[in-house]
Structures are given as C-alpha cells and as structure tokens.
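S.K.: here's my sequence, what's the structure:
(2 chains)
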There are 2 protein chains.
Amino acid sequence: MATDNASPATSDRARPEIDVRALAEVLDGEYAEIRDLVRTNLVTHSSVLEEAEELGLDAFRERVREIVVEMAATGQTGMGFPREYGGGGDVGASIAAFETLAFGDLSVLVKVGVQFGLFGGAILHLGTRRHHEAHLPDLIAGRLMGCFAMTETGHGSHVQAIGTVARYDAASREFVITTHGDQACKDYIGNAARHAELAVVFARLEVGGKSEGVHAFVVPVRTGGEVAPGVRIEDDGLKMGLNGVDNGRIRFDGVRVPREALLNRFADVTPEGVYTSPIENPNRRFFTMLGTLVQGRVSVSGAGIGVAKVALTIATKYAVRRRQFEAEPGAGEQLLLDYGLHRRRLLPLVARTYALHFAQDAVRAQLHDVFSGTGDDARARRRLESRAAGMKALSTWHATRTVQECREACGGAGYLAVNRFAALRSDSDIFTTFEGDNHVLLQLVAKGLLTDHAGEFEDLDQLGVVRHVAGLAVGTVLERTSAHKLLERVRDLLPGGDAWDQEAGLLDPEYQLAMVRYREEHMLAGVARRLKRGIDREGTPGAVFSQVQDHVIALARAHVERLLLEAFTDKVRALPEGGAKAALTLLRDLFALSTIEADRAWFMEHGRLTVQRSKAISREVNDLCREVRPLAVDLVDAWGVPPEMLRAPGLVG
Amino acid sequence: MATDNASPATSDRARPEIDVRALAEVLDGEYAEIRDLVRTNLVTHSSVLEEAEELGLDAFRERVREIVVEMAATGQTGMGFPREYGGGGDVGASIAAFETLAFGDLSVLVKVGVQFGLFGGAILHLGTRRHHEAHLPDLIAGRLMGCFAMTETGHGSHVQAIGTVARYDAASREFVITTHGDQACKDYIGNAARHAELAVVFARLEVGGKSEGVHAFVVPVRTGGEVAPGVRIEDDGLKMGLNGVDNGRIRFDGVRVPREALLNRFADVTPEGVYTSPIENPNRRFFTMLGTLVQGRVSVSGAGIGVAKVALTIATKYAVRRRQFEAEPGAGEQLLLDYGLHRRRLLPLVARTYALHFAQDAVRAQLHDVFSGTGDDARARRRLESRAAGMKALSTWHATRTVQECREACGGAGYLAVNRFAALRSDSDIFTTFEGDNHVLLQLVAKGLLTDHAGEFEDLDQLGVVRHVAGLAVGTVLERTSAHKLLERVRDLLPGGDAWDQEAGLLDPEYQLAMVRYREEHMLAGVARRLKRGIDREGTPGAVFSQVQDHVIALARAHVERLLLEAFTDKVRALPEGGAKAALTLLRDLFALSTIEADRAWFMEHGRLTVQRSKAISREVNDLCREVRPLAVDLVDAWGVPPEMLRAPGLVG
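M.R.: Sure thing, here's the model as predicted:
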C-alpha cells in the first residue's frame, strides 16, 4: 500500500512498507469496536456537516439535539455509565468514543460532552444512589437533557471564587440559590439556552451563616419547555463556532430546591442544618470534587487530537495531488509535498499528532484504571489530574496550530465553507479555553511538579505554591534537581562519560529521552530557585510569582513533551519488527528532534547542545521529513478518518 | 492621560507620560484627514457589525454593496484615481484610507479592495485612455461594479501557468476567450457571484497561433443583472468569513470581445493581428504588468496591521479590567495585565504592531512616490515590489497570530459572536493567502536579495533563481556577504573591536540594528553558498531549491524584520524629546529584543550571542514588558480605533 506520487528515495535506510490496515489496528487498539461504531454513526449523520451551514441557528440546534439522541440509542454515548442504569460500564471506551466523534461535526461532539460528560458525569461522580436512580437512566437515553452550570461571567477557570450562593434554610429544609450580581451569572453554559431541564449548579454553600465552600446542586431550570420560576435564562447567541450547541447565561433569584438536591457524595447537610463531610480539609474536599470531573479534560485532549487528524488528512492528501510551479525544466509542475518547505510545514505536525495519540492512550488507560477502581489511590488521582491538564493544553494548542497551518497549506480552497477547515477552525477555537484555560492548566501541572505531588492538591492560587516552595519543599526539589544530580542521572542513561550528549547518535532514543528529561528537571530546579530567591528578597508572593510565570509555563510544557516522547518510545519498542515499527521509528525520531530543535536555544543556553550539534539536528529534521514523505499518505490514512468527514471536494478529490 | 490601574513602578527609568492625542497625530501623520473621514464613515455604518450575523447571505451581500457605494460617495474609496475622472489623485491617501477601513467590518474592506483596488487598479494601470474614459468615472462612483479574474482553480500564486486562453481572430477583429478545463476556471473571484458587470480577465494571449503570454482583457460578464452569453458563473458559496463578498467561479465558452478590450498599456494587437509591445522580454513584460498591481499587497499589509490593532485594543482594555485569582492575601483579585505572563503575551505584540505601522508608513511613501512619478525608476519599482511582498507576508501572519492570542486572552467571552474576535478571526484568515500566498511572497523577496535587484524581475519560478545564483551572480553575493566583510561592516557600526556585540548595551539601537543586519547578510550568504554547492554537486535545480527552501524563507523574514527595526528606529530618532519619544523608545527596545530573543538560537549558532547574553536578553524583555505595562492603554488608544468598532460589550465595558 505504498503511496502514489512518491518522491525519489534519498535515504540510506530502506523505505518501510506500511500495511495501513495493520497500523490502523495498532492505533485503534482495544477500543476498535466502539471506534468503529462511532465511525458508522458519523457516516450515518454526515449530512450534518452541510446542515451546519444551511440551517438557521434554531433549526441547527434542534438537529444536533436529534443526532445526539439518535447516537445515544446506539449505546455510543453511554459507555462511561454503570451498566445497571443502562450504560456500558467502560470508562476507557467512553473516552475512545469521544475521541473518534471529534472527526465529525464538533457541535455534536460538544453537545455529547455537555450532556453525558459534564452533566451526566457530575450526577454520577458527585451524586449518590438517589441521584443516580432518579436521573441516570433518563439522561443516558437522552430523554432528560441537562447542563453543567459552573463557569460564571466573572469567573472562568477560578472556580473557588464563584459568586452564586446556596443558603440552607433549615426551617423549610431547602437550599435557596441566588445569583449575586451580573458577574455571578452562570455563563457560556452548554444546553442552557434551549434544551436543559436540569442543571448541576455550582454554588457556595452557606449553612447556619457559615460558608462551607463550593458544592453542586441539582436544580430544575425548565419544565415542559418553560423556564422555571425564579430562573432567568439568556441566550449567549451566535458564537464563532459550535452554533449547534445552545449556550446560555443563567441567573437564580432565590430558587428553592429540597435538601436532597445537594450532590452529596463528598459532603451533606443534615435536615437540622449540620454540615458534614468525610473530607476534613475544605480545599482538599473542593479538589476532590473537581477531580472527579477530570474525564472532561481527558476527553477534550482526545478531541483536539482528532481535529488535528482531520486537518492533516485533508492537507496531506491535497499536497500529493496539487501541483504548483515547475521544479525541473519540462518536468511539469511539482507536487506540493515534494517541496522541502511544505514537508517541513506538515510532517512534524503529523509526527506530533502520533506522539499525542500514544500519550492520550496512556492517560486514557490511567483514567480507566482510576475510575474502574483498579488503580485508585490519592497519588494515582493526582498524577492523572496533572496529566489530563497538561495533555489538554498541549493537544488543543496543537489542534489550533495544525488547523491553521493546514488551511494555509490548502490556499484559497481551504477558505471555502464547502471544505472542512472553516468549521474545524471556528468550532475548535474555544478548545484552548474551555475545561480550563490552557495557561491556567499548565500552572496547575507545574505546581504538581514543584510540590512533587507530596502536598495536598490545594487551591490553584499561586500563593499556596509560592509559600510551599519557598518553605519546606524547596529543599527537596532543589536537592533532587541539583545540577550535579541531574548530570549523574543523565549519565546513568547514556554510558558516554561527560561528553555523553555530544557523542550520542541523534537517532538514539536514549539520547532523545535524556535531552527532554534533563530539560524538565533543570527547569524545575530553576523555577524552585527563582521562587525561593524572590521570597528571600522579601518580594510579595504575587510579584514573585508574576516574575517566574513564563518559566512555570515552560516547565509544564517540557514536562508534557517528556511524557509524549516516553509514550511514543514505549509504543515503538513494544511493536513487533516490521514496516509499522520502522515507520513509527522514523516518526518518533522526527517528533523528538523537531521538539529539541524548537527549543534548541534553551539547550544551547544550558550547555547541552553545541553549535555544531544544534545545526546537525536541523539537518536531521530535514532528512527525516524527506524519509517520511513517501509514507505520509499511509500515515494519515491509518487514523481512519471516514472519507465522508473530510468533506473537501476541491482538495482531496 | 496616564493609565488607570497602573502596576507598581519597578523601573530605573522614569515612566514616560503619553499625550494620547499627540501620539495619535504622529501615527496618523499626513493622512489624518482621510483617516478621520474613514473613521466617521465606519461609525456611520457601524450597524454592519451586527448585520454581518443577523442577515442571511444574500441580504448581507447587498448590504455590503450598499455601504461600499455610500462610502464611495464621500470620496473615501476613490483617492487613488486621477482627479480628472472623479478621483482624489493621491495614492498614499488611498492606502491610508484602506488601512483605517480595516478597523471595521472586513467584508466592506475586501469589497472596496476588489472594486477600487483590483478591478479599478487594473483598468487604471493596465489600460489606456479609452478604458479610463469608458470605465473610471462609473467605477469610482460605484455605479459600475467589476471583478478581477486572475486566480484559477488550478493556479493561485503561479499566475504564469494559468489556463484561460484569449485567441485573436483577425477576421472579426475580436478576441475569443475560452476556459480550458475545470482547473482553468477563474475562482474565488470577489464580486463575481452577484455584482460584477465587467471583469478584468487574465488569459494567455494567442495571436496567429503564437502564444504571447498572460494579458488582461475587459470582458462584460453581466448585463442588467443577467449573466452574459457564453459566460457561466458559479457561486463559491459560504466561506469561513468575508461572507459579505460574493466570491464566484467563472468559465468562458468562446466569449468574443472586441480588439479594444485588451488592456493595452504594455502590449497591443493591431487590427491585422500583429502583436506589439514596448517591452521586448516577455518575462519582463509580464512582471511589469503585475508590478502595477503592487498596491494590492501594500493595502493588504496595512489591513493586517489594522486588524491586529483592533484585537490588541480589545484584549488590552480587557486585561486592565478583568481580575482573576488573588495575588496577595486580602488584596482581592489581580488584574490580568499585572501578571508577568499576560504582559509577555500581549505587549511584544503591541510593540511589533508599532514596528509594522512605521514600516508600513515607509512602504506607503515609496508606493506614493513611484506611482506619482516622483521616484519612478526600475530599481525603485523592484524595491517597492519586494517590500510590498515582504510586508504583506509579515503583517498578515502577525494579524492571524495576534487575533488568536487576543481571543485566548479574553477567554470564553472572546468566543461569543457579540464580541469582535469571531468576525476578526474568520474574516482575516484568508489574508495570509490572497494577494499572493505568504510563503510564495517571501521566496520572491529572497530572490530579489539573491540577485541583488540587479537582474530582471523574471518569473517566480525557482529555476531562474537557482541558475542565476549558481551562475554569474553568486560571486558577487558571496563576496559582498563574506564572513570577513560582514564583521568588518558590523564593526564599523559599533566601535567596540572584536567583542563589539558582547559589550554593547542591549538598549543601544546601533547594537540592535547591527544584530538584525548581521543576521540578514549572513543568511543571504548562506543561501547563496548552499545553492552553489548544490549545483556544483550536480543536483537538479528543483532538488537543490527544495533543500534550501527553509533557509530562503528565514532569509526573507530576517530581511523584513531588519526593515521593521530600521523604520521604527528612524521614527523614534525623528521625534522631538518628550513622553511620546520616551514611550516609543521603550517599545522599540521591546520590539528589537523580543525579535532577537525569538531567534536567539540562530544568533548563538552563529557566534553573535553568548549564553549569558542570550539569557540577559530574555530578562530585559521581561523588564521592558513591566515598563511598558502602565503605558499599554495609552499606546493602544493612540491607534484611534473608534470605540464603536471594538464591539466587545462584555470585554471593554
């Protein structure tokens, strides 16, 4: 199944032969069945790609609801719920389904995420049997639509500061839910503007005049299509994209719900008005609650990767079809993908997409273990939360960047709505913001690294981090990451003496891993030292943190990129010898070296790259692009994006 | 007029005071009057920003046409045409007007560009008196709408390869225009789907069986709203954005036009069928024709800068209003712009926007001189064409990147259509492609540098470049850019001996200039050497060029960034002492050092930055961001984006 239009081979290595079907099986893995069900469902409803343009706002929203309910009937969307309520009882499969759904219209995807992931997930994970019995069967079937009312106009990623209040009225045994001011409106809430009957509302609980922190409540917002008394809902209106999802703004004017409306898995209020919780520390309680929602981030991470796959499939197929400018006299015009620059634009993105795919496999497996109870302890949860945050940030930025590069690589044709880039671009733009702003998430990742996952997962507030690092923990971090120790550990990896990194082969996976590991550890030590120095100089924590913020973000990126390379390397190692292994080895090398190349200034600044070696890496990246070029079409075909989803009549034929 | 919410001053330098009105006068410069007319017109028609969402496709297209015609009546859109036909007779003013128009709805902008820039510009510059008299008065008034039919489905930036043919039929004294195959359809043509009555059609001229290359013809495509016989027009339909512009696909089936339809400024056909031209070399003739259309690129460059200004104005105002997370205990939440990371995200973009603004002033002045005949020689034209291409590429990429960063910096609110990012994002996305794909344009820039503007401006084909460079010219280029010479010239600039660049102050403008000049010259020599080496090794020109393509692009970027820094530095030098000069000095430093920082790997690889100095530059960029922070609102206010154009109710209040 070699690619047509292959460029002349210039490599020393033999060109691998890829069996696309076999590689697709490797990629789909244990979830091939559910992924194929989703592919079938996508093709069944592929007309939605056109309807997204043709229908008006209201009609499109109804159409998307209809599709979501039809998909629910096939079992596709309920995989993550217990079997006793009609679910599939397989958390990993539910994520795999969502990842695959991202090949199609993204309003359908996000509506599924809102209904089954956020709303259903909150009922499942924050509620107890009474909530499960009352709501799960209906919501899994799509008979009961709900929304997840956490974000407020004034508070997005900083959930602890939300302004909605739920006061317990012991006399009536009810909670009274009130929106205090415009900034406390629940905002951008999917399903709110039209379809939700129930809302899971996050509010600050007040019992007997005392604030007990943020908790979640089930609140009816519509009955028989009419907005409930005391509830006001505004439509957020047209958005840049995702217009099949009815986002809205909700305000509560003293809405009363019974005591049982509190989702009481982690805290409860007795009828008499006594607050109880098995988790004593309020911060820990809050983050335990939020932590159960981690699957939202893992899902969005997978969706970002899916979006990048669609864009790269279109752009790669276009680039082996479109000719432009003569390369040799009389030879006719040259294929785009035979230009060095075009390969440089697309192929490292293909490699990074593969890296993200394998790292997503790993984080999905962790999620599955934790939520299936097979690997659920506090440490595993924190590791999962950190990885989910980091993957979500890097995957969604990758999606944004990839869609943009691919659109440009398809020229004017890429701009027509009849091709998919317009929708991909507009619909996925918000991925970098929802489920946690990427910059906030990366700070969360860095915080986990700085505290070495030893402390409690307290609030996201930088104060805690600064104090912690400037206090007890800094010694440990600095000790663990001292330059001396770092070098020692790196030497252990590569038995090359002091000059290990000057002599190792660029294509030696141990070299590549040592480089990204060294970078992460060095950055970690650097951030810790900077925080400590700032505090020692009596800077205020705010000013200190503000000054190191770019280092914090760099550290988190370095950490996630290390995870990507490890996942890619592990996957390649585990494969049997053959074409797929050879091809993925090339791609792994391309990912590793283009990642090091992108940050080569840092490696030079920190003595890990000589000028000569830095230049050699750039040359090697070019060589690898040339070697990957004849495999490009097979590599994107193996992702299994249904041809109906490409919807690029002028681009891929 | 100091900014509210200023962060604590941490700088050694005194904080400059900005008089916003005075700075605005500096920025508007000699074209303040036309810019203010455009601002007034934008405010008059500001409802179009809402109508873009509310109206259906057809109604929105009609509305945009209506606005364009109303703007034309104020004289705004005809500034570039001779007074004798009802124009303003001021080319520079016409560009300034277009730049300012980019603050508003971009469909209006692009419709103006199509009608007056492309269609009108072709009639003016490629036609002669008979065409001017017949069409200019009507088209300037907007009574006659036209389109510019150059791009084909199969050929975008490679115009010389287009497939439409115009055969001269001496018997009837007519040209017969025919579309040969689907790939030769004129495509993405603005004004084609609905409004154009006339088209300027680019086709390969055949006279007496001989092909004479690409020429332009005036062809009626509609009469009284009906498509003309032999012409078929398809609607390109919905696009990612710019849906107020009716793009379409045109096919000609032997359409006959009289001999006089040839726009005959540079070539003609006698009634008997003899081809004549004052320009003997066919390539030179072709590029002379295309060269007259350079104002399209200068216009789009200015529009990209305008788009970036709107996005940064919204994001900056939001960042001094929105608070999130506590920085100090009990101090309440902190303003976004007081976070180090947020400053890093926005302020270097503000600095680069200023740099682009001043460089745009320079290229607009060159255009004005060339087209007003005061500075029109072959060398000046080539320089102008090169700068226009380079500016267009860097400005439009800057716009894409800036809109994206600003949308993310405004979170979920930035995603609602009620704020402007949705439209800015979708409408401006194609700027990187139209008027020449940015990558193709940068190759054109590099080619000019490689041939030192000495040769003819022949075809864009890389063959010519490779042959030229591998041939005679390479000696000159290599000699001029030899490492020895380079260092000598750089030393002349900074009297610091061999260690000049290790000792100079980072804020010394001569140091900053020397760095970007050195980079450009070194890259130029590197590309020339690589091309020569490739040819010496008997590589085919196609393969050789493909291998150096990324160096070619890097060279062109380095060249344009050098021009930006020179323009910025010249501007600051020319200002009288005072707050504006002090503020722009900070901003110039921020632009220069963040530009060097972004490419610090290159500077280290080429011995021009030590590790210590590289790190010092990053620290200085952070310091500069802190110093610029209290000036940020004044700096964006000085751009004079009318508040009605910000349309960000939830963001800027």
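S.K.: give the other helices and strands that the longest helix anywhere in chain A contacts.
M.R.: Taking residue count as the measure and DSSP state H as the definition, the longest helix of chain A comes out as helix A:541-574. Contact partners of helix A:541-574 among helices and strands, from 3 or more Cβ pairs under 8 Å, 6 or more residues apart in numbering or on different chains; DSSP states H and E: helix A:340-371, helix A:378-409, helix A:438-450, helix A:462-470, helix A:509-536, helix A:579-598, helix B:340-371. Quick note: C-beta positions are derived from backbone N, CA and C, even for glycine.
S.K.: mean confidence for that helix?
M.R.: This predicted structure assigns helix A:541-574 an average pLDDT of 92.
S.K.: ok, and for that helix, which residues are buried?
M.R.: By neighbour count, and taking 16 or more other Cβ atoms under 10 Å in any protein chain shown as the criterion, the buried residues in helix A:541-574 are A:541-569, A:571-572.
S.K.: stretch A:415-430 too?
M.R.: Neighbour-count burial for stretch A:415-430 flags A:415-430 (criterion: 16+ other Cβ under 10 Å).
S.K.: among those, which are located in strands?
M.R.: The strands, defined by DSSP state E, take in nothing from the buried residues of stretch A:415-430.
S.K.: list just the nearest of those to residue A:181.
M.R.: Nearest to residue A:181 among the buried residues of stretch A:415-430 is residue A:430, at 24.9 Å by Cβ to Cβ.
S.K.: for that closest one, which non-adjacent residue is closest in space?
M.R.: Here the nearest residue to residue A:430 in space, its sequence neighbours aside, is residue B:415; by Cβ to Cβ, 6 or more residues apart in numbering or on different chains that works out to 4.6 Å.
S.K.: pretty sure that neighbour contacts residue A:433?
M.R.: Yes: judged on Cβ atoms under 8 Å, residue B:415 makes contact with residue A:433 at a distance of 6.9 Å.
S.K.: where does the stretch 451-600 of chain A get nearest to chain B, residue-wise?
M.R.: residue A:542 (2.9 Å; Cβ to the nearest Cβ).
S.K.: so which of the helices and strands packed on helix A:541-574 is nearest residue A:307?
M.R.: Between residue A:307 and the helices and strands packed on helix A:541-574, the shortest gap by Cβ to Cβ is with helix A:378-409, which sits at 4.4 Å.
S.K.: pLDDT averaged over the closest one, what's the number?
M.R.: Computed over helix A:378-409, the average pLDDT equals 95.
S.K.: would you mark the buried spots in it?
M.R.: Neighbour counts over helix A:378-409 (16+ other Cβ under 10 Å) mark A:381-400, A:402-409 as buried.
S.K.: flag every residue of the stretch 501-650 of chain A that's near chain B.
M.R.: By the criterion of Cβ under 8 Å from any Cβ of the partner chain, the positions of the stretch 501-650 of chain A lying close to chain B are A:540-543, A:545-550, A:553, A:600-601, A:604-607, A:611, A:614-615, A:622, A:650.
S.K.: now with 6 Å?
M.R.: Taking Cβ under 6 Å from any Cβ of the partner chain as the contact definition, the stretch 501-650 of chain A meets chain B at A:540, A:542, A:546-547, A:549-550, A:600-601, A:604-605, A:611, A:614.
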